[in-house]
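K.L.:
sequence-free structure coming up:
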């Protein structure tokens, strides 16, 4: 089955060739809160940005296990607040992204309500191309 890359670009980072099981990933990780962007800087570097306005650094957690990047936000209740109108979605979330082989989070920062993660594809030395000298 052919899957449109625009659907997969929302939930995968670092894959150059995609397989049929990515449709399962798309369905499993579907959801649009909080909104996010994935930016390809070059062939080895990516940025993942999530709009997490209203969340403090202490209310966010980022984990990576076996190629699965998980970002969670859990708001601490403020019992002193009495909203006249509550239009800002500060609901808890759990967002997951499947990372490509050798992809690692190299940095993260929270600035002006945007959580930005820098991702880098680091090939181990044993997987990098090597030049073979020809003897005469």
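P.N.:
Yes, it's here. Since the model is a prediction, treat every value here as computed from it, not as a measurement.
K.L.:
tell me the mean pLDDT over the host helix or strand of residue 117?
P.N.:
Element membership of residue 117, judged by DSSP states H and E, is strand 114-121. What strand 114-121 shows for mean pLDDT is 95.
K.L.:
swap in stretch 37-55?
P.N.:
Mean predicted confidence for stretch 37-55 is 93.
K.L.:
go on, stretch 60-79?
P.N.:
The pLDDT scores in stretch 60-79 average 89.
K.L.:
ends of it, what's the gap?
P.N.:
Distance between the two ends of stretch 60-79: 20 Å, counting by CA to CA, to the nearest Å.
K.L.:
how about residues contacting it?
P.N.:
Contact with stretch 60-79 is made by 13, 34, 48, 50, 52, 54-56, 58-59, 90-101, 103-105, 108, 110, 115, 117, as judged by CB atoms under 8 Å, 6 or more residues apart in numbering. In this view, the C-beta of every residue, glycine as well, is placed from N, C-alpha and C.
K.L.:
surely residue 44 is in contact with residue 121?
P.N.:
Yes. Taking contacts as CB atoms under 8 Å, residue 44 lies within contact range of residue 121: 4.5 Å.
K.L.:
this protein: helices as residue ranges?
P.N.:
With DSSP state H applied, the chain shows helices at 5-9, 22-28, listed in chain order.
K.L.:
just to revisit the earlier point, just checking, what packs against the strand holding residue 117?
P.N.:
Other helices and strands packing on strand 114-121, by 3 or more CB pairs under 8 Å, 6 or more residues apart in numbering; DSSP states H and E, are strand 45-51, strand 68-73, strand 103-111.
K.L.:
in JSON lines: these, plus mean neighbour count and distance to residue 38.
P.N.:
What follows is the helices and strands packed on strand 114-121, written out as JSON lines (neighbours: other CB atoms under 10 Å; distance: least, CB to CB, whole Å):
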{"stretch": "strand 45-51", "mean neighbour count": "18", "distance to residue 38": "6"}
{"stretch": "strand 68-73", "mean neighbour count": "17", "distance to residue 38": "11"}
{"stretch": "strand 103-111", "mean neighbour count": "14", "distance to residue 38": "12"}
